[in-house]
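Participant: Sharing a model prediction with you, sequence too.
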Amino acid sequence: MKRFPIAFLVLALAGCATNQSAPVNTQASRTESCKVTSEQEIAGLFDRWNRSLQTGDPRKVVANYAERSILLPTVSNKPRVTVAEKEDYFQHFLQDRPSGKIDFRSIELGCNSAVDSGLYTFTFARTGTVVKARYTYAYRWDGTQWLITSHHSSAMPEKT
């Protein structure tokens, strides 16, 4: 009588071990097709974002962001996740007429995703202030266009 429960337990554990080793998301089951892109195309997305700054219209800047995205801005301690929060941030940021220039970048390409990270400098036309900062833009292809899903910017900690 004791053999039956032990044999059942061994078979049950063997079945669990087999299921655990089977890949959950295999390449064969993927139906997503990847957008062909290049580092140049992804680098151009910063230029698109920077041109939207020049319009002075927060809505045009926020149009670069995916609906589900986060902005961790340079000159605010508050993470911005909603459209309204991003528009509020850019309403204030754009008052000094900023313009960005990439100083150093590293781009990583993925399937319908890309990350552009590096250093940039902002010059504010109204005040003449220059701010050097670190940045990371994560992008996702939505089937029509590349949109920012995560944007982190922080002022350089050391003054040069």
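Facilitator: Perfect, thanks for sending it.
Participant: nearest spatial neighbour of the residue nearest the centre of the chain, skipping sequence neighbours?
Facilitator: Residue closest to the average C-alpha location in the chain (C-alpha atoms, centre = their mean): Ala138, at 2.2 Å. Closest residue to Ala138 in three dimensions, ignoring its sequence neighbours and counting by C-beta to C-beta, 6 or more residues apart in numbering: Ser150, at 4.0 Å. To be clear about C-beta, it is placed using only N, CA and C from the backbone, and glycine gets the same treatment.
Participant: OK, contacts around the one you found?
Facilitator: Counting by C-beta atoms under 8 Å, 6 or more residues apart in numbering, Ser150 makes contact with 69-70, 72, 136-138.
Participant: try 10 Å this time
Facilitator: Applying C-beta atoms under 10 Å, 6 or more residues apart in numbering to Ser150 gives the contacts 65-66, 69-72, 115, 136-140.
Participant: would a markdown table of these with secondary structure and pLDDT be doable?
Facilitator: Shown next, in a markdown table, are the contacts of Ser150 (DSSP: H, G, I helix; E, B strand; the rest coil; pLDDT from 0 to 100):
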| residue | secondary structure | pLDDT |
| --- | --- | --- |
| Tyr65 | strand | 98 |
| Ala66 | strand | 98 |
| Ser69 | strand | 98 |
| Ile70 | strand | 98 |
| Leu71 | strand | 98 |
| Leu72 | strand | 98 |
| Val115 | strand | 98 |
| Thr136 | strand | 98 |
| Tyr137 | strand | 98 |
| Ala138 | strand | 98 |
| Tyr139 | strand | 98 |
| Arg140 | strand | 98 |
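Participant: Just the buried subset of those, written out for ChimeraX, thanks.
Facilitator: Here is the ChimeraX command that picks out the buried ones among the contacts of Ser150, judged by 16 or more other C-beta atoms under 10 Å:
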select :65,66,69,70,71,72,115,137,138,139,140
